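Chemist: no sequence on hand, only this structure:
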């Protein structure tokens, strides 16, 4: 693992690190905020999964989350959204290939050699964090925005017992029924839609649910409402009697201005579960 | 004036607007955060002046200031740092020309037709804000980062009675004695150094001071300490018995991670003066 940069931030450290990844077969970069408390011992960790076109850096610089994590004594990890490098397949569309890993393990060419973001987030990066930093893997929560909200919800539900809470900002909530999903799941996983279901938060919510509290924030003026399909997730949460809350925030759109406006709530929500 | 964008943010609105500027002889763009309270009446306004290479956008997306301003019911304006456009003179160096207006009125060619950022910030933009938005020009404070800290301090001291407080993050504190200053003041104002003094915060602090409280934050691990010369300003503040405080923040550098770490303090500092 290499240290790309470290900046003092809210009494702790905002670091950027890179490492050779077995899962994705190439170099991966991630951001990690460690609060001051990490100098004394292991701290709980919150995962933040980013949306389409993002790298590890966007939320790290624009979401305004570090201050709230510092206040709560929580580490915050910002993974990248896809494999990177000249030998990695890509597409000219912004929503397929690099920056658009969709948190799945691709089984189809040309994607399958590197697009293993599911394994990277579920297995490889947690092990690396546990080995290299003072984070307590017994106390993890996860959140994300848009495609990252989709990743947070599907990964949390597929790994019962791992995360104390899950939240999402404007998640892609029903990708098997959306142009933000059908194209990508078809490309990465192939035409057999039975392999897609694991990667649809609404379907998983209906069938499995989450073993802890769930918080969803969605802006009512989001320009992508037709692609996100929040109503399907809201219905599934209610039908399952899922512990948690779904909030429709009047007038907010899909931007970081929306996300930063409610970041304190999401960090506090995670902290209450992590310190319960 | 044209609306470039408006995003709901912390219950208020983060807008971006552009307008034809008389001062700079071209189109100028600025960001303005208006808290929810601005729907009911005029709110106090905090100016945020940015540093080298920045536009109106950097601090708007990365400084994490809107939440604190929302909490205090204060508007926050993010001006650009120079004139823009194809007919505006520039230099290949990052620290001269576009993105590096240094908050002066240029008197020298090729800069003098457009580089009138002093007039733009002191006169034209406040008048526009007062005419177009629910901001109370009787209650203004000002802050800034690096070159913008220089601008905030020099503009505040040159306009007694206008600003209730001034603060700065890692300001260029003594430009007449620094490579961040001598080159630019020479280019924009010419070789007669007597015209430079108005644009040196340490000299103005020694000679004039500020008629309100002053807050300076400086990181001890700032990579530009030799160019910023904070010690000269600290000495001048103490020698003048200037009301205020100068804080050396251990381990922090020059980045937005430093700034966002202490943004709450600067907004609270302004609010205490604005609501006094």
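Modeler: Perfect, thanks for sending it. No experiment lies behind these values; they were computed from the predicted model shown.

Chemist: got a list of what the nearest residue to residue A:18 once chain neighbours are set aside touches?
Modeler: Once flanking residues are discounted, residue A:18 sits nearest to residue A:29: 4.4 Å by C-beta to C-beta, 6 or more residues apart in numbering or on different chains. To be clear about C-beta, it is placed using only N, CA and C from the backbone, and glycine gets the same treatment. Residue A:29 is in contact with A:4, A:16, A:17, A:18, A:55, A:56, A:80, A:84, counting by C-beta atoms under 8 Å, 6 or more residues apart in numbering or on different chains.

Chemist: what's the closest of those residues to residue B:255?
Modeler: residue A:16 (11.8 Å; C-beta to C-beta).

Chemist: assess the claim that that closest one and residue A:28 are in contact.
Modeler: No - the criterion here is C-beta atoms under 8 Å, and residue A:16 misses it with residue A:28 at 11.4 Å.

Chemist: quick one: buried residues of stretch A:159-172?
Modeler: By neighbour count with 16 or more other C-beta atoms under 10 Å in any protein chain shown, stretch A:159-172 contains the buried residues A:159, A:162, A:163, A:164, A:165, A:166, A:167, A:168, A:169, A:170, A:171, A:172.

Chemist: what's the answer for stretch A:14-29, then?
Modeler: Of all the residues in stretch A:14-29, those buried under the rule 16+ other C-beta under 10 Å are A:14, A:15, A:16, A:17, A:18, A:21, A:23, A:24, A:25, A:26, A:28, A:29.

Chemist: would you double-check that the fourth one falls in a helix?
Modeler: This points to residue A:17. No - looking at residue A:17 with DSSP: H, G, I helix; E, B strand; the rest coil, it is strand, so not inside a helix.

Chemist: alongside chain B, which residues does chain A contribute?
Modeler: Applying C-beta under 8 Å from any C-beta of the partner chain, we find that chain A lies next to chain B at A:7-11, A:14, A:61-62, A:64, A:66-67, A:219, A:221, A:251-253, A:255-258, A:260-261, A:264.

Chemist: mind checking which of those residues land in helices?
Modeler: The helices in this structure, assigned by DSSP state H, contain A:61, A:62, A:66, A:67, A:256, A:257, A:258, A:260, A:261, A:264 from these.

Chemist: tell me where the stretch 101-250 of chain A has strands.
Modeler: For the stretch 101-250 of chain A, the strands defined by DSSP state E, counting those that start in this stretch occupy A:135-144, A:163-169, A:214-219, A:244-249.

Chemist: what's the local residue count around residue A:269?
Modeler: When counting by other C-beta atoms under 10 Å in any protein chain shown, one arrives at 22 neighbours for residue A:269.

Chemist: how about residue A:187?
Modeler: Neighbours of residue A:187 using other C-beta under 10 Å come to 22.

Chemist: coming back round to it: next one, pLDDT for the residue nearest to residue A:18 please.
Modeler: We have a pLDDT of 98 for residue A:29.

Chemist: ok, the closest residue to chain B within the stretch 101-250 of chain A - contacts?
Modeler: When distances are taken as C-beta to the nearest C-beta, the stretch 101-250 of chain A reaches nearest to chain B at residue A:221, 6.8 Å away. Residues near residue A:221 by C-beta under 8 Å, 6+ apart: A:250, A:251, A:252, A:253, B:8.

Chemist: check the residues you listed and tell me the two furthest apart.
Modeler: Pairwise across the contacts of residue A:221, and taking C-beta to C-beta, the largest span is found between A:250 and A:253, at 11.3 Å.

Chemist: and these two? which has more neighbours close in?
Modeler: Taking neighbours as other C-beta under 10 Å, residue A:250 and residue A:253 compare with residue A:253 leading, 21 against 10.

Chemist: the nearest residue to residue A:82 once chain neighbours are set aside and residue A:79, how far apart?
Modeler: Spatial nearest neighbour of residue A:82, chain neighbours left out: residue A:101 (3.6 Å); criterion: C-beta to C-beta, 6+ apart. Per C-beta to C-beta, to the nearest Å, residue A:101 is found 10 Å from residue A:79.

Chemist: of these two, who's got more company?
Modeler: Between residue A:101 and residue A:79, residue A:101 has the larger neighbour count (other C-beta under 10 Å), namely 30 against 25.

Chemist: report the contact partners of the more buried one.
Modeler: Residue A:101 is in contact with A:81, A:82, A:83, A:115, A:117, counting by C-beta under 8 Å, 6+ apart.

Chemist: circling back to that earlier point, can I get the strands of the stretch 101-250 of chain A in a markdown table with mean pLDDT?
Modeler: Shown next, in a markdown table, are those (pLDDT from 0 to 100):
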| stretch | mean pLDDT |
| --- | --- |
| strand A:135-144 | 98 |
| strand A:163-169 | 98 |
| strand A:214-219 | 96 |
| strand A:244-249 | 91 |
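
Chemist: got the phi/psi numbers for residue A:196?
Modeler: In terms of degrees, to the nearest 10, the main-chain angles of residue A:196 are phi -80, psi -30.

Chemist: ok, it touching residue A:185?
Modeler: Yes - using C-beta under 8 Å, residue A:196 makes contact with residue A:185 at a distance of 4.5 Å.

Chemist: mutual contacts of these two, please.
Modeler: Overlap of the contact sets of residue A:196 and residue A:185 (by C-beta under 8 Å, 6+ apart) consists of A:175, A:176.

Chemist: can you name the farthest residue from the center of chain A?
Modeler: residue A:40 (27.3 Å; C-alpha atoms, centre = their mean).

Chemist: any idea how far that residue is from chain B?
Modeler: 17 Å (C-beta to the nearest C-beta, to the nearest Å).

Chemist: how about low-confidence regions in the stretch 101-250 of chain A?
Modeler: For the stretch 101-250 of chain A, no stretch is flagged by pLDDT under 70.

Chemist: and the helices in it?
Modeler: With helices called from DSSP state H, counting those that start in this stretch, the stretch 101-250 of chain A shows them at A:117-119, A:125-132, A:147-158, A:182-189, A:201-207, A:225-228, A:230-240.

Chemist: can you list those in CSV and add distance to residue B:214?
Modeler: Listed next are the helices of the stretch 101-250 of chain A as CSV, based on distance: least, C-beta to C-beta, whole Å:
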stretch, distance to residue B:214
helix A:117-119, 49
helix A:125-132, 42
helix A:147-158, 42
helix A:182-189, 53
helix A:201-207, 51
helix A:225-228, 47
helix A:230-240, 48
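
Chemist: just the ones you listed: most buried one?
Modeler: Among the helices of the stretch 101-250 of chain A, helix A:147-158 has the highest mean neighbour count (mean count of other C-beta atoms under 10 Å in any protein chain shown), at a mean of 27.

Chemist: quick one, it and helix A:230-240 angle?
Modeler: 20 degrees (axes from the mean of the first three to the mean of the last three C-alpha atoms, to 10 degrees).

Chemist: to the chain's geometric centre, what's the distance from helix A:147-158?
Modeler: 6 Å (C-alpha atoms, centre = their mean, to the nearest Å).

Chemist: can you check stretch A:119-133 too?
Modeler: 14 Å.

Chemist: residues contacting the nearest residue to residue A:255 once chain neighbours are set aside?
Modeler: Counting by C-beta to C-beta, 6+ apart, residue A:255 lies nearest to residue B:7, which is 5.1 Å off, once chain neighbours are set aside. Residue B:7 makes contacts with A:252, A:253, A:255, A:257, A:258, B:13, B:14, B:15, as judged by C-beta under 8 Å, 6+ apart.

Chemist: at 7 Å what do you get?
Modeler: For residue B:7, the contact set (C-beta atoms under 7 Å, 6 or more residues apart in numbering or on different chains) comprises A:253, A:255, A:257, B:14.

Chemist: out of those residues, flag the one nearest to residue A:122.
Modeler: Among the contacts of residue B:7, residue A:255 lies closest to residue A:122 (C-beta to C-beta), at 28.5 Å.

Chemist: gap between the closest one and residue B:16?
Modeler: Residue A:255 is 12 Å from residue B:16, by C-beta to C-beta.

Chemist: check residue A:113 too.
Modeler: The gap separating residue A:113 from residue B:16 is 42 Å, by C-beta to C-beta.
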